[in-house]
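In: sequence plus the predicted model coming up.
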Amino acid sequence: MRTLIAVGIDTREVDLIFSRLEEKGSRDQALKKALNLTARQARERLAQKAQETYAVKKTSFRKEIKIRSATTNRMSASLLASGRAKELLDFKVSPATVQKGNKRPKITKGKVLKRSPMKKLQIGELKAFVVRFSNGHKAVAQRRSKQRYPIKNLLSPSIPVMLGNARRVYGIVEPYIQDDLERNLEHFVSMALEGKN
């Protein structure tokens, strides 16, 4: 799964800012620098907001977001996050270790969002549990029926889905990204006017 995040800017504002610059090369350099700086700032903002929102244990969101930088030939910068659904065990789960015999809990609980309460991982009579497979892999699993086998791994949203979530992450950060782009553009145009490329 992949998520591509694109940010636009009002072209009238850009034309107004660029009207102060006469040389086309200076315009291109200023726009390229502003786009690349904004992409780096956007990656930081998205990663920070996702880390604040989701109860994920191990993932560094920042490392999962790749930047395709702008060049003078291609005046766009892109953020690309890709990845599969995460295992539920990567999030807050209680108990998070394999329990056998008398130590086995009556119910396993878990949560994906930090602000949500721990929820029982149970559908009808089928309860979730932490299991270690023969290859050593640990996961939160659940039986598919009352039969012992087959069992299925319980999964959570992937990194791209978490980052692209309009209600919890991207939708909250997007206005700041727009402001960053406008501020960065103004800054690099001012530097070009002063002759500080």
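Out: Yep, it's here. Numbering: from 1, shown residues only.
In: give me the low-pLDDT residue ranges for the chain?
Out: Residues of the chain meeting the criterion pLDDT under 70: 1-25, 58, 196-197.
In: wait, Leu121 sits on Leu154?
Out: Yes - Leu121 lies in contact with Leu154 (CB atoms under 8 Å); the separation is 6.7 Å. For every residue, glycine as well, the C-beta is placed using N, CA and C.
In: residues shared between the contacts of those two?
Out: Residues touching both Leu121 and Leu154 (CB atoms under 8 Å, 6 or more residues apart in numbering) are Leu88, Gly110, Ala128, Val140, Gln142.
In: what about those residues, which are in strands?
Out: Within the shared contacts of Leu121 and Leu154, residues falling in strands by DSSP state E are Gly110, Ala128, Val140, Gln142.
In: could you report the neighbour count for the last one?
Out: By that I understand Gln142. When neighbours are counted by other CB atoms under 10 Å, Gln142 registers 18.
In: return the set of residues that bridge with it.
Out: Ala128, Lys152 (DSSP bridges).
In: contacts only, for it.
Out: Applying CB under 8 Å, 6+ apart to Gln142 gives the contacts Leu121, Ile123, Leu126, Lys127, Ala128, Phe129, Ile151, Lys152, Leu154.
In: do the same with the third one
Out: Listed by CB under 8 Å, 6+ apart, the contact partners of Val140 are 87-89, 93, 108, 110, 121, 128-131, 153-154.
In: go through these and say which is closest to Glu64.
Out: Glu87 (15.1 Å; CB to CB).
In: quick one, what contacts the closest one?
Out: Counted by CB under 8 Å, 6+ apart, Glu87 has contacts Ala139, Val140, Asn153, Leu154, Leu155, Ser156.
In: please report which of those has the highest neighbour count.
Out: Val140 (22 neighbours).
In: relative to Ser78, how far out is it?
Out: To Ser78, Val140 is 34 Å away according to CB to CB, to the nearest Å.
In: coming back round to it: quick one: buried ones out of the contacts of Gln142?
Out: Neighbour-count burial (16 or more other CB atoms under 10 Å) applied to the contacts of Gln142 gives Leu121, Ala128, Phe129, Ile151, Leu154.
In: isn't Lys66 right up against Arg40?
Out: No - judged on CB under 8 Å, Lys66 makes no contact with Arg40 at a distance of 11.8 Å.
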